[in-house]
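Student: Structure of the sequence below:
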Amino acid sequence: MDKYRVALAEEERAGLQRLVSAGKAAARKLTHARILLLADAPSPGRGDDDIVAALGVGPRTIARVRKEFVTLGLQAALGRKKQPPRPGKVRIKGDLEQELVRLACSDPPEGRCRWTLELLADKLVVLGRLTTVSPETVRQALKKTTSRPGSWRPGACLPRPTPSSSGGWKT
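Tutor: Next comes the predicted model:
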């Protein structure tokens, strides 16, 4: 693994020392500033092992901060990396959601007394509507749907509530 040499300019070093002495920043930012100060080339030969012992961080963290400083600059080494975009949370929506509800309310396959989440997920794949889908995605889609107009209860094909056989409290 190549070792990146940190060479701070005078104003960068002064800025990092102010940041560390004030101590009013995120812990990660302060740690990265301390790593850069200790890894600075003009300082007396401090190796990564000395920095690990002084700060209690892993050698991989030190190597990563060095690399970010040399390749991307001071702000990139101190700041947080932007997270990659996450895929859309809802995979089942629109026409596919209607088809899922219609399927869940239909008769179950032969040999089964009811639809399971796994059966519904497999059926959507067999129908060619999705390439892959997990039972949890199917559960979330069914949970948020209301299959009857005017229903206040979430879910697909919920049975009608049955009256209590206990008779309830009498006052």
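
Student: Check which helices and strands the helix or strand that residue 69 is a member of sits against.
Tutor: Secondary structure from DSSP states H and E places residue 69 in helix 59-72. On a contact count with 3 or more C-beta pairs under 8 Å, 6 or more residues apart in numbering; DSSP states H and E, helix 59-72 meets helix 27-39, helix 48-55, helix 74-78. Where C-beta positions appear, they are placed from N, C-alpha and C, glycine not excepted.

Student: quick one: the longest one to helix 59-72, angle?
Tutor: Counting by axes from the mean of the first three to the mean of the last three C-alpha atoms, to 10 degrees, helix 27-39 lies at 80 degrees to helix 59-72.

Student: in helix 27-39, what counts as buried?
Tutor: Using 16 or more other C-beta atoms under 10 Å as the test for burial, helix 27-39 gives 30-39.

Student: related to what we said a few turns ago, and the helices and strands packed on helix 59-72, which one averages the lowest pLDDT?
Tutor: Least confidently modelled of these is helix 48-55, at a mean of 90 by mean pLDDT.

Student: And for it, what's in contact with it?
Tutor: Contact partners of helix 48-55, identified using C-beta atoms under 8 Å, 6 or more residues apart in numbering, comprise 3, 31, 34-35, 38-39, 57-59, 62-63.

Student: Same question for stretch 106-123.
Tutor: Stretch 106-123 is contacted from outside by 100, 103-104, 133-139, 142, using C-beta under 8 Å, 6+ apart.

Student: repeat that with 6 Å
Tutor: Stretch 106-123 has contacts (C-beta atoms under 6 Å, 6 or more residues apart in numbering) with 104, 133, 135, 138-139.

Student: Among the residues you listed, which pair sits farthest apart?
Tutor: Farthest pair in these (C-beta to C-beta) is 104 and 133. Separation: 13.6 Å.
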